[in-house]
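[1] My questions are about this predicted structure, shown below with the sequence.
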Amino acid sequence: MAREQPPTAASDHARTGVHVAYAQDAFERWVLFLDTLRERADNMIAHEQQGMPPLLDFDYELLLDARTFERPANYALLRITRVGDDCWDDCVDAAKPPVIVIDPRAGHGPGIGGFKRDSEVGMAMHEGHPVYFVIFFPEPVPGQTLADVHYALRNFVSEVARRHPDTAPVLYGNCQAGWAATLLAADCDGLTGPIVLNGSPLSYWSGEAASSPMRMMGALTGGSWAAHMVSDLGDGRFDGAWLAQNFESLQPEKAIWDKYANLFAHADTERGRFLEFERWWNGYYTLSREEILGITQNLFIGNRLEQGEMQLDKHCTIDLRRIANPIIVFASKGDNITPPEQAMGWIAKLYPDTDALKAAGQRIVYMTHDHVGHLGIFVSGSVA
């Protein structure tokens, strides 16, 4: 057996050097980490001072402001005019169908469908489609209802159709904007043109207990009383930060630890991506009391959309069987906010077999991803 050699001055010096290098590296990472958090706070304050405009990586012009409509709502229609150095005339083929991207009203501000070049807006413009984007403003019109928003969106689609009379618009609905798009196609007037649903919940009671925790929230919290209380505390407005907190509570280990541990471990390379995403994640918009109660009671708790019992107003009840538009659905098994069962469960409920689908003259195409998360469906370059 070899006898262990006593430590030498050289080995002690080497060991000390490793410790010093480790401490220096940890200190430098800590400084970079804290400076990134400082810049995140500065960006958030600056964004709020600017009125929280949409975080689009594209130039645009305002076409319609629904706050001026007969039934006002805090929505607006934009036309994308420039991608980098290319303007509308350079990269748009007027013969191709226009694309309308509707961003979700889920607590954050608009922009998730176009805050990166590899996004829905960027991909559509790259293919030569005219692109329009639906945004909303931080504060709702007092007393604004889902019906008010619905008719504003219908006016937007009609305006785009007027500008492109030879081809029907393609509607992209992200997350909660997906059910808003289906309402447009399923109401008593209906729309033409394909509908693209990206991580959009339509079957709110579907899913597995182990992988679909969001569907249990309404039951565990006792229904819509929480939305009532928060709206009362907000003087008739519901702060979107509460919705963001709901999303984070689904994976608290990621929200509290993983996100920041990853930033610290890659402090020299992760800064840009972290700040880009946090600019959108930390911009909280409000909903009216009427909107949030309409969403929770009709959709998440009542599941009335799938059942054909959602009454838009006294003149029209929504029936998904009325949709004749082609539908394209994107979902992911890694999405714990809108799992595939909630994104596609309604199809089997409405059309029990292929014969029923054919008899209805409907065409539905869907694609599932194995692991990408909810937001990755909208903004992941590899998924795109």
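    The structure has been received and is ready for your questions.
[2] all strands for the stretch 151-300 of the chain, in order.
    With DSSP state E, counting those that start in this stretch, the ranges of strands along the stretch 151-300 of the chain come out as 170-174, 195-198, 237-239, 286-288.
[3] In contact with Gly223, which residues?
    Gly223 is in contact with Thr296, Ile301, counting by CB atoms under 8 Å, 6 or more residues apart in numbering. Where C-beta positions appear, they are placed from N, C-alpha and C, glycine not excepted.
[4] can we see that at 6 Å?
    The neighbourhood of Gly223, defined by CB atoms under 6 Å, 6 or more residues apart in numbering, consists of Ile301.
[5] Any figure for the gap between it and Ser203?
    As defined by CB to CB, to the nearest Å, Gly223 lies at a distance of 19 Å from Ser203.
[6] and Asp313, how many residues sit next to it?
    For Asp313, the count of nearby residues is 14 (other CB atoms under 10 Å).
[7] so which strand or helix has the spatially closest residue to it that is not a sequence neighbour?
    With sequence-adjacent residues excluded and distances taken as CB to CB, 6 or more residues apart in numbering, Asp313 is closest to Ala147, at 4.9 Å. Using DSSP states H and E, the element containing Ala147 is helix 146-163.
[8] just checking, what packs against that helix?
    Counting contacts by 3 or more CB pairs under 6 Å, 6 or more residues apart in numbering; DSSP states H and E, helix 146-163 packs against no other helix or strand.
[9] hmm, try it at 8 Å
    strand 59-65, strand 75-83, strand 99-102, strand 131-136, helix 176-186, helix 289-295, strand 310-313 (3 or more CB pairs under 8 Å, 6 or more residues apart in numbering; DSSP states H and E).
[10] Dump that helix to PDB, restricted to CA.
    Taking C-alpha atoms only, helix 146-163 is exported to PDB below (Å, rounded to 0.1, in the frame of the first residue of the first chain):
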ATOM      1  CA  LEU A 146     -66.900  40.200 -22.900                       C
ATOM      2  CA  ALA A 147     -69.600  41.100 -25.400                       C
ATOM      3  CA  ASP A 148     -68.100  44.500 -25.900                       C
ATOM      4  CA  VAL A 149     -64.700  43.000 -26.600                       C
ATOM      5  CA  HIS A 150     -66.300  40.500 -28.900                       C
ATOM      6  CA  TYR A 151     -67.900  43.100 -31.100                       C
ATOM      7  CA  ALA A 152     -64.700  45.200 -31.100                       C
ATOM      8  CA  LEU A 153     -62.800  42.100 -32.400                       C
ATOM      9  CA  ARG A 154     -65.500  41.500 -35.000                       C
ATOM     10  CA  ASN A 155     -65.100  45.100 -36.300                       C
ATOM     11  CA  PHE A 156     -61.400  44.600 -36.500                       C
ATOM     12  CA  VAL A 157     -61.800  41.400 -38.600                       C
ATOM     13  CA  SER A 158     -64.300  43.200 -40.800                       C
ATOM     14  CA  GLU A 159     -61.800  46.100 -41.400                       C
ATOM     15  CA  VAL A 160     -59.100  43.700 -42.400                       C
ATOM     16  CA  ALA A 161     -61.500  41.800 -44.700                       C
ATOM     17  CA  ARG A 162     -62.400  45.100 -46.300                       C
ATOM     18  CA  ARG A 163     -58.800  45.900 -47.000                       C
END
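[11] Share the number of residues neighbouring Phe133, please.
    Neighbours of Phe133 (other CB under 10 Å): 26.
[12] Does Leu305 touch Leu320 like I think?
    Yes. Judged on CB atoms under 8 Å, Leu305 makes contact with Leu320 at a distance of 7.0 Å.
[13] ok so, going back, would you mind finding the most buried of the strands of the stretch 151-300 of the chain?
    The highest mean neighbour count among the strands of the stretch 151-300 of the chain, using mean count of other CB atoms under 10 Å, belongs to strand 170-174: a mean of 27.
[14] Just checking: what are the partner strands of it?
    strand 99-102 (parallel), strand 195-198 (parallel) (DSSP bridges).
[15] got the ones you listed as a markdown table, with mean pLDDT and distance to Trp257 columns?
    A markdown table is the format used below for the strands paired with strand 170-174 (pLDDT from 0 to 100; distance: least, CB to CB, whole Å):
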| stretch | mean pLDDT | distance to Trp257 |
| --- | --- | --- |
| strand 99-102 | 93 | 33 |
| strand 195-198 | 92 | 28 |
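[16] can I get those strands in a markdown table with distance to Ala185?
    Output for the strands paired with strand 170-174, formatted as a markdown table (distance: least, CB to CB, whole Å):
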| stretch | distance to Ala185 |
| --- | --- |
| strand 99-102 | 12 |
| strand 195-198 | 6 |
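[17] Any idea which of those strands gets closest to Ala152?
    Nearest to Ala152, of all the strands paired with strand 170-174, is strand 99-102, at 11.0 Å by CB to CB.
[18] by contact count, what packs against the helix or strand following the closest one?
    Toward the C-terminus, strand 99-102 is succeeded by helix 120-126 as the next helix or strand (DSSP H and E). On a contact count with 3+ CB pairs under 8 Å, 6+ apart, helix 120-126 meets strand 75-83, strand 99-102, strand 131-136.
[19] Let me know which of the ones you listed is tucked in deepest.
    Highest mean neighbour count among these (mean count of other CB under 10 Å): strand 99-102, with a mean of 27.
[20] Not counting its own residues, what contacts it?
    113-114, 120-121, 124, 129-134, 153, 156-157, 160, 169-174, 177, 180-181.
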